[in-house]
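[1] Take a look and give me a structure for this.
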Amino acid sequence: DRYAVAFLLFTVTLAGVAWMFSGDPERALAVLVVATPCPLILAVPVAIVAGISRCAKIGVLVKHGGALEGLAQTKTLLFDKTGTLTAGRPTLHELIHDDSWSDKELLFYAGSLAQASHHVVAKSLADAATNKKIALEVPLSVEEVPGDGVIGRVNDRDVVLGSVSFVNGKSKNSDWSQEALSKIEDQPGLITAVAVNGTLVGLIMLSDEVRPEANRTLHLLRKIGIRRMVLLTGDRQEVANAVAQGLPIDTVIAHSTPQGKVQAVQDEERLAVSAMVGDGVNDAPALAAARVGIAMGARGAGASSEAADVVLLVDTLARLPEVFFIARRSFNIAWQSVFFGIGLS
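    Sure, this is the predicted structure:
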């Protein structure tokens with residue numbers, strides 16, 4: 001559309017000059033007939049629609065032509081961790097709690113409150129409690145802080161569930177909690193803290209495996225022209241480093257809030273055209289802020305799919321290299337059509 005206006009002005013001017021110097025109006029008519037913008041009007045949209053159709057055939061929804069163009073120009077990819085580079089199915093590994101508490105009690109309060117959150121870790125906690133035949137209660141007065149945790153009332157007690165820093169900031173320390181926190185500082189696994197009535201009472205260790213296709217996918221993305229890859233996560237630095245180890249990741253940004261992810265996307269966009277890949281509610285603002293937002297839509301949150309420009313309808317990263325290849329191929333064909341078509345005219 002931008003080029004069409006300039007092309008029209010150039011054509012009308014050229015027709016006028018031909019008429020003025022020749023004195024023959026047929027010269028102007030000849031210029032207008034020959035200088036048809038068909039390559040712009042027809043060839044480019046056809047190439048874009050064909051590219052979007054090709055993506056749909058492999059299970060990837062590209063919402064508009066601008067998204068396909070962004071994919072063709074992308075040089076930097078930012079990845080969320082949980083549910084994107086990892087499988088997004090954290091499993092219960094270990095429970096650490098005060099001696100006055102039992103595993104069943106800790107899972108009861110954590111699992112009950114976790115029911116109110118759509119985060120994959122919360123879902124895993126609720127499932128773990130259910131699998132152990134623990135009858136959960138419906139939490140009341142729930143407040144979720146995106147990227148940090150959940151606050152609510154369970155069994156007439158105030159419960160806080162979430163990251164260690166978040167829960168620790170809303171509870172008082174005890175001799176047990178100080179000793180427990182010192183022991184888990186260097187642990188690579190996911191750690192969720194639980195506080196009841198203002199006291200930190202337990203830590204829940206979970207493990208989430210890196211997707212089996214992640215390493216090969218990221219190396220293929222390098223080969224097709226992605227120059228920089230960034231890992232964004234709200235988890236601790238140790239967890240992020242463990243996931244990035246062995247993957248072609250250039251930068252790891254841990255302890256990242258939803259606002260922090262948006263800032264990271266904007267910082268990268270100033271350097272090169274960037275795309276963000278995510279799956280959760282916490283990723284939705286960053287997906288919306290990116291030049292191209294790519295959502296893991298098969299099991300991800302609806303908010304992320306709504307905010308994104310591209311949705312992977314199959315639960316795998318393996319489609320990403322093909323999507324970028326299709327986008328770049330489509331726009332190469334579009335540009336060929338423009339230059340050859342207008343050049344011949």
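
[2] Give me the secondary structure label for the closest residue to T257 other than its chain neighbours.
    Counting by Cβ to Cβ, 6 or more residues apart in numbering, G147 is the residue found nearest to T257 once chain neighbours are left out, at 4.5 Å. Where C-beta positions appear, they are placed from N, C-alpha and C, glycine not excepted. Under the three-state scheme (DSSP: H, G, I helix; E, B strand; the rest coil), the conformation of G147 reads as coil.

[3] what's near enough to touch G147?
    The contact partners of G147, by Cβ atoms under 8 Å, 6 or more residues apart in numbering, come to G234, S256, T257, P258, N282.

[4] And R328, by the same measure?
    When contacts are counted by Cβ under 8 Å, 6+ apart, R328 touches L71, A72, I224, G225.

[5] Same check on V138?
    If you count contacts by Cβ under 8 Å, 6+ apart, V138 has them with S112, Q115.

[6] Give me the phi and psi angles of it.
    Recorded main-chain torsions at V138 are phi -80, psi 120, according to degrees, to the nearest 10.

[7] In terms of pLDDT, where does it sit?
    According to the per-residue confidence, V138 scores 91 in pLDDT.

[8] From G162, how far off is it?
    Taking Cβ to Cβ, to the nearest Å as the measure, V138 and G162 are separated by 19 Å.

[9] swap in F10?
    Using Cβ to Cβ, F10 is found at 60 Å from G162.

[10] Pick out whichever of those two has more residues nearby.
    Neighbour comparison, F10 and G162: the larger count goes to G162, with 28 against 11 (by other Cβ atoms under 10 Å).

[11] Check the closest residue in space to that one that isn't next to it in sequence and give its pLDDT.
    Leaving aside its sequence neighbours, G162 sits nearest to G149 (Cβ to Cβ, 6+ apart; 1.5 Å). Per-residue confidence at G149 stands at 88 (pLDDT).

[12] how about G149, what does it touch?
    Shown here is G149, whose contacts under the criterion Cβ under 8 Å, 6+ apart are V160, L161, G162, S163, F166, V167.

[13] Export those residues as a markdown table, with columns for secondary structure, pLDDT and distance to E26.
    As requested, the contacts of G149 are exported to a markdown table (DSSP: H, G, I helix; E, B strand; the rest coil; pLDDT from 0 to 100; distance: Cβ to Cβ, whole Å):
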| residue | secondary structure | pLDDT | distance to E26 |
| --- | --- | --- | --- |
| V160 | strand | 92 | 82 |
| L161 | strand | 92 | 80 |
| G162 | strand | 88 | 77 |
| S163 | coil | 83 | 76 |
| F166 | helix | 86 | 77 |
| V167 | helix | 85 | 82 |
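
[14] Break down the stretch 51-200 of the chain into its helices, ranges please.
    65-73, 103-114, 120-131, 164-169, 175-183 (DSSP state H, counting those that start in this stretch).

[15] Among those helices, show me which one is buried the most.
    Comparing the helices of the stretch 51-200 of the chain on average neighbours per residue, with mean count of other Cβ atoms under 10 Å, the densest one is helix 103-114 at a mean of 23.

[16] Now, the contacts of G147 that are in helices?
    The helices in this structure, assigned by DSSP state H, contain P258 from the contacts of G147.

[17] ok, and the most crowded of the contacts of G147?
    Of all those, G234 has the most neighbours under the rule other Cβ under 10 Å, reaching 28 neighbours.

[18] what pLDDT does it get?
    As predicted, G234 sits at a pLDDT of 82.

[19] repeat for the one 5 residues further on
    V239 is assigned a predicted lDDT (pLDDT) of 81.

[20] Number of residues surrounding it?
    Counted by other Cβ under 10 Å, the residues lying close to V239 total 22.

[21] do the same with D99
    Close neighbours of D99, defined as other Cβ under 10 Å, add up to 6.

[22] how close does the closest residue in space to it that isn't next to it in sequence sit to V159?
    Residue nearest to D99 in three dimensions, not counting chain neighbours: W176, with 7.6 Å by Cβ to Cβ, 6+ apart. Relative to V159, W176 is positioned 18 Å away (Cβ to Cβ).

[23] rewinding a little: now the two most distant members of the contacts of G149.
    With Cβ to Cβ as the measure, no two of those lie farther apart than V160 and S163, at 10.4 Å.

[24] Need the contacts of G149 in a markdown table (columns: distance to D80).
    Supplementary listing: the contacts of G149 in a markdown table, determined by distance: Cβ to Cβ, whole Å:
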| residue | distance to D80 |
| --- | --- |
| V160 | 24 |
| L161 | 20 |
| G162 | 17 |
| S163 | 15 |
| F166 | 18 |
| V167 | 22 |
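
[25] And those residues, which is closest to A114?
    Comparing the contacts of G149 against A114 with Cβ to Cβ picks out L161 as the nearest, at 6.2 Å.

[26] how many neighbours does the spatially closest residue to L61 that is not a sequence neighbour have?
    Spatial nearest neighbour of L61, chain neighbours left out: V311 (4.3 Å); criterion: Cβ to Cβ, 6+ apart. Applying the criterion other Cβ under 10 Å, we find 20 residues in the vicinity of V311.

[27] In this structure V311 contacts C55, no?
    No: the pair V311 and C55 fails to qualify as a contact (Cβ atoms under 8 Å) at a distance of 10.1 Å.

[28] Specify the local secondary structure of V201.
    strand.

[29] was I right about it contacting L106?
    Yes: applying Cβ under 8 Å, one finds V201 in contact with L106, separated by 6.9 Å.
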